[in-house]
Structure formats: structure tokens, C-alpha cells
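Chemist: Predicted model follows, preceded by the sequence.
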Amino acid sequence: MSQFFQVHPENPQPRLIKQAVEILRSGGVIVYPTDSSYAIGCLIGDKGAVERIRRLRQLDDKHNFTLVCSDLSQIGLFAKVDTGAFRLLKAHTPGPYTFILSATREVPRMLLHPKRRTIGLRVPAHPIALALAEQLGEPLMSVSLILPGEELPMSDPYEMRQILEHQVDLIIDGGYGGLEASTVINLAEGEPEVIRVGCGDPTPFQEHEA
């Protein structure tokens with residue numbers, strides 16, 4: 001049975017955030033809200049937890065996980081960020097964007113795209129997600145909470161509780177979630193390239209392409 005925490009979406013209760021992080025540290029899989037949609041997360045490099053998420057989402061080993069960071073300094077540990085990329089990141093984080101960057105050696109191999117050695121990173125504009133990554137002291141490894149056969153992420157925490165209570169260790173109820181994924185921007189090749197348009201406005205990155 002999973003635990004169910006009702007966490008204030010604007011002022012997350014520190015006690016509950018601490019408890020959530022303890023669950024993560026003990027190998028747990030948690031569901032939590034971001035500024036785009038709800039996500040499933042676990043510790044970086046926790047093979048057992050990663051496998052559980054892959055089974056739950058029915059993902060193959062080519063599916064990219066995203067590292068959800070609390071700030072730019074966390075991104076700098078796990079990705080190679082040049083001056084141009086840094087300027088773009090500084091201007092658009094926190095926000096509903098995932099940035100694909102070349103990974104540093106800090107990133108476990110099982111999280112990398114097998115051919116490209118890239119990793120997706122984001123700093124969501126959501127107090128609960130930021131509080132979790134900050135309390136944890138490292139990014140959460142995450143994917144959107146989209147169940148097999150569905151096109152949209154789950155948005156109702158009570159429905160999540162009914163469906164997922166035996167598959168995850170904690171569901172954080174931060175209110176209804178969004179239904180769009182983040183906008184994905186590839187910065188690994190130099191010039192920004194919009195890979196997927198989601199709830200973040202892609203315009204600032206397309207201007208660079210012109």
C-alpha cells in the first residue's frame with residue numbers, strides 16, 4: 001500500500017517533504033506534481049526503482065528519463081553547459097521546459113540515451129518538485145505519469161491512489177495536475193532545437209533557429 005500525503009502546492013510542509021525524501025532514499029518510487037504534469041520519480045542510479053518505473057510505464061531501455069533539479073547548479077553537475085546554453089537555461093528556468101544536454105560522468109549509464117550520451121534535465125516552476133530536489137540534495141530521476149495505452153498524464157490524485165496504490169510507495173497530492181508534458185529543447189548540438197512542444201512556449205528557442 002502506498003502512502004498518500006496532501007502537500008500544500010504553494011507552501012509545502014517541510015515535515016512531509018522530509019518524509020517523502022526518506023522514502024526516496026530507502027529505494028522508494030513516488031508520484032509528485034510538477035509545473036507541467038504529475039511525474040513518477042526515484043533516486044538517481046537506483047536500479048530497482050528504475051526497473052519498477054519502467055514496468056509501470058511499460059518503457060523500453062531507450063526511453064529517456066529526466067533529471068528534475070532544484071536549480072542551475074544541480075544541472076551543472078550532471079550536464080555539460082557552455083555559455084550559450086547557460087544563458088538560455090538562466091532565462092527559462094524554473095519553467096515547463098526539459099533541456100537535452102550532453103551528460104557528465106556523474107550520470108549513471110543506464111539513464112543515458114544509448115547512442116548519444118545525452119540526458120534531459122529540468123527545473124520545474126513548482127514548489128513541491130523544487131522542495132523535493134532541494135531536500136534530497138540531488139535531482140530526482142523522473143518520467144511523466146502517463147499509464148500504458150493512455151495519451152494524457154493522470155491528473156487526479158485520488159484516481160492515482162486507486163490505480164497505483166500497490167505500484168508506488170508514495171503519492172503526493174498537490175491538487176489537480178496539468179495535462180501537458182514539458183516542452184523539450186535540445187541544446188546538445190549547439191543551436192537550440194525544439195524536439196517537442198508542450199506547455200512551455202517554444203518561441204524563444206525558435207528565434208535562434210532563424
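Modeler: All right, it came through fine. Numbering: from 1, shown residues only.

Chemist: what sits against Phe78?
Modeler: Contacts here follow Cβ atoms under 8 Å, 6 or more residues apart in numbering; on that basis Phe78 touches 67, 69, 103-104, 106-107, 119, 121, 139. Every C-beta, even on glycine, is put in place using the N, C-alpha and C of the backbone.

Chemist: at 7 Å what do you get?
Modeler: Neighbouring residues of Phe78 by Cβ atoms under 7 Å, 6 or more residues apart in numbering: 67, 103-104, 106-107, 119, 121, 139.

Chemist: What separation is there between it and Ser37?
Modeler: According to Cβ to Cβ, to the nearest Å, Phe78 stands 22 Å off from Ser37.

Chemist: Buried residues in the helix or strand hosting Met160, which are they?
Modeler: Assessed by DSSP states H and E, Met160 sits inside helix 157-164. Within helix 157-164, the residues that count as buried by 16 or more other Cβ atoms under 10 Å are 157, 160-161, 164.

Chemist: Asp46: which of those is nearest?
Modeler: Nearest to Asp46 out of the buried residues of helix 157-164 is Leu164 (Cβ to Cβ; 18.2 Å).

Chemist: ok, now which ones touch the residue nearest to Leu89 when sequence neighbours are not counted?
Modeler: Sequence neighbours aside, Leu72 is the residue nearest to Leu89 in space, at 5.9 Å (criterion: Cβ to Cβ, 6 or more residues apart in numbering). Shown in contact with Leu72 (Cβ under 7 Å, 6+ apart): 89-90, 93.

Chemist: Could you list every helix and strand in contact with the helix holding Met160?
Modeler: strand 170-173 (3 or more Cβ pairs under 7 Å, 6 or more residues apart in numbering; DSSP states H and E).

Chemist: quick check: mean pLDDT across the strand it packs on?
Modeler: If you average the pLDDT over strand 170-173, you get 98.

Chemist: Which residue ranges of the chain form strands?
Modeler: Listed in chain order, the strands of the chain (DSSP state E) span 3-6, 30-33, 38-42, 66-68, 97-102, 118-122, 140-144, 170-173, 183-186, 193-196.
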